[in-house]
Every structure is written in structure tokens, then in C-alpha cells.
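K.L.:
Model the following, please.
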Amino acid sequence: MNSTVQKSLLYILMPLFWLVLLVIFLYSPYAEQFLSRYHKSITIFVWSDIVDSTVIKNFERETGIKVYVNYYEGNDELLTKLEFSDGAGYDIIMPTHYMIEPLRQRGFLKKIDKSKLNFWDQLDPHLLNLYYDPQNAYSIPYLWEFYGLGINNNFFTGKKIENSWQMLFDPAYTYRVGMTDEPREILNVAGFYLFGQLKQFDELQLERIKNLLRKQKKFVDAYTDLNSDFLLTSKSAAVVFLPISSFYRARQRVDWVNFLLPKEGSLMTIENFAITAKSDKEDLAYIFINYLFKDYAVKQVCEYYGYLPTLKNLLYAMDFAGVPPIDYIFDSYFTKLSLVRLLFSRQQMSQIWLAVKA
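P.N.:
I've put the predicted structure just below:
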């Protein structure tokens, strides 16, 4: 048999060989297992420090549902990736409250079926039906936190402490301060300090916010989101603008720090689960979300990272040293808490932030 005939037979037999293998596989018991494995999986896109890997492993072992995890470092990254993929590729996402409406407007979110959630009546009502999603039609609040002033008590021994944002912005004070590196939060708190409320600011007010932050820069030790607790515990800054989760980490290391809620009021954020509009695994998504709201799963992330739960029974049981109790927050201070808002366009935010950092 010459080489030409051999090659011809090879071209004929190879496709037949693979076709036979495919038929054998499809009619074997392994095919069903393989296909079911694909269908019993979900893909989530979340913050890197909120969904614990051990909780995911436990969920996979108990349910047989595989979880593919993707992480993002900011809400703008989340929005950009969803816009790039036209909302495809993920089943569950975890936007901060102020990103819910932009995602809904772009058609990226699916309405929530609360009848499939076994914990809804256990959520604290203070954290439901807020401006960004009045009926919680698209969002499921999971964790939340508020901002305040981290104080080095040793530095202020024998000195007066003003329970005010003035301690962060008034150049008359002679100590170093620490700030987050998130421009949205910084611009919100600067606007809150200057004008007493969060609203759309005109050009003159934006200029005042920019000038305030540029003057403050002279006594800012560092702008950091990940290490704001370190600024406090290392004594680099006597006063630090930080969320409760960062203060929690600081307090675990030293006992000479304290957390103040300014008398003028403060800011808060809520992290939410949402199901994407293009997800075709909605039932599996609800199974996973219900699992994440189990007491042990919520306690694990809160006790490790210092976030506050939205489940009432866990929220009122938490006791953070150096932090006002939840009873005080909800009874006396809650009306002074304002949710961080999208008050600045990306262009405005970039222009002000570049001017401050220059």
C-alpha cells in the first residue's frame, strides 16, 4: 500500500475514530456526570475580602455545586467589566449600594425573588428600602459599615479631643492625619464637612471641596485604603479617617485607639448581592446566597474582617471594643448617617483628585 493510499485512509478513519469515541461517551454514565457538573456551577464576581474561601469549599462539598470566583478591587472595575462583557459571564455580583442604580439602568440586574430567600425577615429594617433600591427589588444587603475617626489616645493624653470632622480638616491642629485612597469617599466626607449634607454640588462648591483637600494634604501622612489601620497603630497619624472594619483590625493589635462618630454625622456603605440579568442559573444562585446568610458564614467574615452583618440576631450580639454600641447607632445616631452617593461624575472626580494629589 503506497503512502498516498495510507494518507487517504488516515483522513477517513480519524474522524470516524473520534465520532465513535464521542458516541460511546454520550451514552455512558460518565457523560451525565460530566454535563451535570457543568450545569451545577455558578460564577461569582465579588470583593476579595468578603466571601471566605473556606465557606465556599464547605458549600461545594455540601451541595455539589461548583463555585468559580472572580475578584475585583473596586466598583468602577466591576462596572467596566460588565460593560465590556455586556453583562455576561457572571451569575452573582456584589456591588456597593451606590452602584445598584447604574447597574439596573444598564440592564445588568435581575429582579430578586424574595420567596426564594429563607432569611429575608431576619434582615434589620434599618438597612432595607433605602434610596438606591427602595423596594430592594434588585439588591440583597449582606454587610455594612460606617466611617469615623480613628484616634490615638496616647497622643491626646492631656489634650482636648473634638468629636468633629474638624479634627481631620482644620490646619490649626499640629498632628498628622490619615485618609483613605478612595476619592469617592473622600469627596463625600469633604462635602459633608463643608455643607452639612450630601447633595449635587455646583461648580463653586466643587472648587471649595478641592481647595479644602489641597490644604489638608499638607498634614496628611498618607492616602491608603488597605493600610489605614496601620497608620493608626504605627503612630504615623494621630487621627485617621477610616471605616469600622479598618478600626476593628487596629483594635485587635493595640488597645490605645478609639473610634469616634463625629457630632455632625457620618457616612455609611452597604455591600449587596445581586443576580445578573443574563444568568441562566438563578436557582443555583439562590441556593448559594441562602448558604452565605447562614449564621456561621456571616459570623466568620464579620469576626475576621470587622464588617457589620445585616442579620438582626448577629448585629445586636456584636461587641466591638472602642466602638459605640449598635443600640446607640440605631436609636440616636442613625438619622445622622448618610449613605455614600454618586455626587460626582468620573471626570469631576478625576480632575479634583489629580489636583489634590499633584
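K.L.:
Tell me which helix or strand comes right after the helix or strand bottoming out on mean pLDDT in the chain.
P.N.:
None of the helices or strands of the chain scores lower by mean pLDDT, DSSP states H and E than helix 29-39, at a mean of 47. Tracing the chain past helix 29-39, the next element assigned as helix or strand by DSSP states H and E is strand 41-47.
K.L.:
which strands and helices sit next to the helix or strand following that next one?
P.N.:
Scanning forward in sequence from strand 41-47 by DSSP H and E, the next helix or strand is helix 53-63. If you count contacts as 3 or more C-beta pairs under 8 Å, 6 or more residues apart in numbering; DSSP states H and E, helix 53-63 packs onto strand 66-72, helix 282-292, helix 295-305. Glycine gets a C-beta too; all of them are placed from N, C-alpha and C.
K.L.:
what angle do the last one and helix 53-63 make?
P.N.:
Read it as helix 295-305. With axes from the mean of the first three to the mean of the last three C-alpha atoms, to 10 degrees defining the directions, helix 295-305 sits at 170 degrees from helix 53-63.
K.L.:
Who are the packing partners of helix 295-305?
P.N.:
helix 53-63, strand 140-152, helix 244-253, strand 308-309, helix 312-315.
K.L.:
Nearest approach to Ser345 belongs to which of the helices and strands packed on helix 53-63?
P.N.:
strand 66-72 (21.0 Å; C-beta to C-beta).
K.L.:
Quickly run through the sheet partners of the closest one, with directions.
P.N.:
The strands beside strand 66-72 in its sheet (DSSP bridges) come out as strand 41-47 (parallel).
K.L.:
Can I get the partner strand in CSV? Just the C-alpha atoms.
P.N.:
Presented in CSV, the C-alpha positions along strand 41-47 are these (Å, rounded to 0.1, in the frame of the first residue of the first chain):
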residue,chain,number,x,y,z
SER,A,41,-21.8,25.5,38.8
ILE,A,42,-22.1,29.3,39.3
THR,A,43,-19.6,32.1,38.7
ILE,A,44,-19.4,35.0,41.2
PHE,A,45,-17.7,38.4,40.9
VAL,A,46,-17.1,39.8,44.4
TRP,A,47,-14.8,41.7,46.7
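K.L.:
That one: which residues count as buried?
P.N.:
Residues of strand 41-47 classed as buried by neighbour count (16 or more other C-beta atoms under 10 Å): Ser41, Ile42, Thr43, Ile44, Phe45, Val46, Trp47.
K.L.:
can I assume the last one is in contact with Phe273?
P.N.:
No - counting by C-beta atoms under 8 Å, Trp47 sits too far from Phe273 to count as a contact (11.2 Å).
K.L.:
Need the residues touching each of these two.
P.N.:
Met94 (C-beta atoms under 8 Å, 6 or more residues apart in numbering).
K.L.:
Most tightly packed of the helices and strands packed on helix 53-63?
P.N.:
helix 282-292 (a mean of 18; mean count of other C-beta atoms under 10 Å).
K.L.:
Quick one: distance of it to the chain centre.
P.N.:
19 Å (C-alpha atoms, centre = their mean, to the nearest Å).
K.L.:
what does stretch 98-112 give?
P.N.:
Relative to its chain's centre, stretch 98-112 lies at 15 Å (C-alpha atoms, centre = their mean).
K.L.:
pLDDT on that stretch, on average?
P.N.:
Stretch 98-112 comes out with an average pLDDT of 97.
K.L.:
Over to that stretch now: how far is its first residue from its last?
P.N.:
18 Å (C-alpha to C-alpha, to the nearest Å).
K.L.:
what angle separates whatever helix or strand Leu242 lives in from strand 140-152?
P.N.:
Leu242 is part of strand 239-243 when elements are defined by DSSP H and E. Relative orientation of strand 239-243 versus strand 140-152 (the same axes, to 10 degrees): 170 degrees.
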